[in-house]
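> structural data only, the sequence is not supplied:
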Ligand SMILES: CC(C)(COP(=O)(O)OP(=O)(O)OC[C@H]1O[C@@H](n2cnc3c(N)ncnc32)[C@H](O)[C@@H]1O)[C@@H](O)C(=O)NCCC(=O)NCCS
Ligand SMILES: Nc1ncnc2c1ncn2[C@@H]1O[C@H](COP(=O)(O)OP(=O)(O)OP(=O)(O)O)[C@@H](O)[C@H]1O
């Protein structure tokens with residue numbers, strides 16, 4: 001022990017719908033970086049016996065059941081009305097913040113950690129990270145990927161896009177952009193190279 005207290009370098013990973021956040025987060029995980037997955041936390045807290053069910057049921061009567069939140073039905077409701085979306089976010093986002101703080105505490109000895117936060121720029125997440133990585137692919141590739149998902153329509157896709165900061169602005173505000181318009185292998189190599197660079201930066205910071 002040298003008495004120097006160090007903190008992990010916190011990477012914030014974000015990108016618009018279908019750009020490849022989850023896929024790239026898995027690549028960071030394989031490269032040995034602990035990953036906090038905001039979306040997975042939300043799903044768990046909205047799932048069977050999830051801690052947010054009482055608050056969500058109170059705010060959106062009939063939106064929950066034994067399986068947890070009926071996400072498709074709740075999504076149809078809140079994505080159609082900004083005030084309702086804000087009401088849901090006011091329930092969900094503070095709970096995600098608490099989970100993130102606990103994750104940070106549990107991983108305080110790691111040199112690097114990654115927060116996968118879909119709405120990093122749209123919310124306040126960007127102020128809580130040391131470095132921002134944006135995943136990005138050409139708009140046509142993004143569109144094709146998202147429209148291939150079951151339950152997705154062109155209308156729904158366009159609408160969700162309109163709720164998110166445009167890709168070009170995300171890229172402009174990124175410290176690093178990971179291109180997900182190429183093969184998975186090329187993207188994984190880019191992630192591995194970035195992890196090496198950031199590990200070096202974390203060591204120099206310590
Ligand atoms: C409304 C819900 C139940 C719909 O769930 P569903 O499984 O149908 O969709 P999913 O979560 O996969 O989202 C689909 C797309 O919409 C985007 N999206 C989700 N929430 C939001 C939001 N508040 N604002 C803008 N885009 C959003 C996602 O990033 C994704 O690209 C769910 O998205 C939700 O609880 N959203 C509010 C919490 C939130 O902000 N989550 C995202 C960051 S943690
Ligand atoms: N080079 C690549 N990098 C990342 N993803 C790729 C690449 N090539 C193809 N894909 C595919 O693109 C899709 C990206 O979906 P993914 O769920 O990772 O996106 P997301 O940004 O997390 O989506 P959402 O915002 O809707 O949660 C996956 O099916 C993945 O296999």
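Alright, I've got the coordinates. A quick note: this is a predicted structure, and the numbers were derived from the prediction, not measured. Ligands and ions are numbered 1, 2, ... in the order given.

> could you use CA atoms for every contact and neighbour count after this?
OK.

> which helix or which strand is home to residue 105?
Element membership of residue 105, judged by DSSP states H and E, is helix 82-106.

> helices or strands up against the helix or strand just after that helix?
Using DSSP H and E, the helix or strand that follows helix 82-106 in sequence is strand 112-116. When contacts are defined as 3 or more C-alpha pairs under 8 Å, 6 or more residues apart in numbering; DSSP states H and E, strand 112-116 packs onto strand 9-14, helix 21-30, strand 35-37, helix 38-46, helix 184-205.

> give the contact list for the residue nearest the centre of the chain.
Geometric centre of the chain, nearest residue: residue 117, 2.4 Å, by C-alpha atoms, centre = their mean. By C-alpha atoms under 8 Å, 6 or more residues apart in numbering, the residues touching residue 117 are 12, 13, 14, 37, 38, 39, 125.

> and for residue 125?
Here residue 125 is in contact with 12, 117, 119 (C-alpha under 8 Å, 6+ apart).

> so can I have JSON lines of those residues showing pLDDT?
JSON lines is the format used below for these (pLDDT from 0 to 100):
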{"residue": "12", "pLDDT": "96"}
{"residue": "117", "pLDDT": "90"}
{"residue": "119", "pLDDT": "89"}
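
> residue 76: which of the residues you listed is nearest?
residue 119 (18.7 Å; C-alpha to C-alpha).

> surely the closest one touches residue 14?
Yes. With contact defined as C-alpha atoms under 8 Å, residue 119 counts as touching residue 14 (7.0 Å).

> those two: who's more crowded?
A side-by-side neighbour count of residue 119 and residue 14, using other C-alpha atoms under 10 Å, places residue 14 first with 29 against 20.

> who are the neighbours in contact with that one?
21, 116, 117, 118, 119, 120, 132, 133, 134, 135.

> from the residues you listed, which land in strands?
Residues of the contacts of residue 14 located in strands (DSSP state E): 116, 132, 133, 134, 135.

> which of those residues are buried?
116, 132, 133, 134, 135 (16 or more other C-alpha atoms under 10 Å).

> near ligand 2, which of these show up?
Among those, no residue is within reach of ligand 2 (C-alpha under 6 Å from any ligand atom).

> which of those lies closest to residue 192?
residue 133 (13.2 Å).

> distance of that closest one from residue 21?
Taking C-alpha to C-alpha, to the nearest Å as the measure, residue 133 falls 10 Å from residue 21.

> residues in the chain within reach of ligand 2, list them.
16-24, 145, 180-184, 187.

> tell me the most packed of the residues you listed, by neighbour count.
Most crowded among these, counting by other C-alpha under 10 Å, is residue 19 at 26 neighbours.

> got the contact list for that one?
135, 136, 137, 142, 180.

> could you pull up phi and psi at the last one?
With angles defined as degrees, to the nearest 10, residue 180 shows backbone torsions of phi -110, psi 20.

> can you tell me which residues contact it?
19, 20, 135, 136, 137, 187.

> now with 10 Å?
18-21, 23-24, 134-138, 141-142, 186-188, 190 (C-alpha atoms under 10 Å, 6 or more residues apart in numbering).
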